[in-house]
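Asks: turn this into a structure:
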Amino acid sequence: MHARDPAKDALLEALEAFVARASASPVAVPPSSAEERQIRVATAVLFVQMARADRSVQIDEHRALPRALRRVLGLSDLEARAVLRLAEEEALRSVPFATLIETINLSCTEDMKRKILHGMWGVAFADAELKGHEEYLVRKLAEQLRLSTADLVETKLRAREEFLEEEP
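Replies: Predicted structure coming up:
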């Protein structure tokens, strides 16, 4: 069991305060509930973990993270970046994968779970190189979200097509 680090706790509180302030601004739309906030952070942590799956975050993957959050969760750029900062801190705290999955399974519809899976594929394709462990992570996520193989394949194909359309 890890001891709590007061510096990290203070940073997390500062980030949460930033998110609260950003959500209060006219540019950002605040989450309607604590549950929605948990879904946003859980989704963002999964995306961050996907970007880190190959042990190095490429610039393309870094750019793909806020884009994926905007598409999947309907966030503004400001909101997506604030949620990403929180998610990166949560990822550093090693939030158990099972906790993230449970949050999503308890709170999200099947359609939302497919959107999250699609976003995961989008982050995986961002560096133009889909590695075996990235595909494994998305497959494992689909399984734990209780999505079908058809959902897995369909979201992968759509994300790949979108990636190819974005290429110069």
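Asks: tell me where the chain is predicted with low confidence.
Replies: 1-32, 54-58, 167-168 (pLDDT under 70).
Asks: nearest residue to the middle of it?
Replies: Centroid-nearest residue in the chain, with CA atoms, centre = their mean: Ala44, separated by 2.5 Å.
Asks: which element is that one on?
Replies: Counting by DSSP states H and E, the element that carries Ala44 is helix 34-51.
Asks: which SSE is immediately downstream of that helix?
Replies: Next helix or strand after helix 34-51 toward the C-terminus (DSSP H and E): helix 59-73.
Asks: next, the buried residues of the next helix or strand after that following helix.
Replies: Note on helix 59-73: by DSSP H and E, the next helix or strand toward the C-terminus is helix 77-92. The neighbour-count check on helix 77-92 (16 or more other CB atoms under 10 Å) flags Glu79, Ala80, Ala82, Val83, Leu84, Arg85, Leu86, Ala87, Glu88, Glu89, Glu90, Ala91 as buried. For every residue, glycine as well, the C-beta is placed using N, CA and C.
Asks: give me the angle between helix 77-92 and helix 59-73.
Replies: Orientation note: helix 77-92 sits at an angle of 110 degrees relative to helix 59-73 (axes from the mean of the first three to the mean of the last three CA atoms, to 10 degrees).
Asks: what angle sits between helix 77-92 and helix 34-51?
Replies: For helix 77-92 against helix 34-51, the angle by the same axes, to 10 degrees is 70 degrees.
Asks: what packs against helix 77-92?
Replies: Counting contacts by 3 or more CB pairs under 8 Å, 6 or more residues apart in numbering; DSSP states H and E, helix 77-92 is packed against helix 6-24, helix 34-51, helix 59-73.
Asks: alright, calling it a day.
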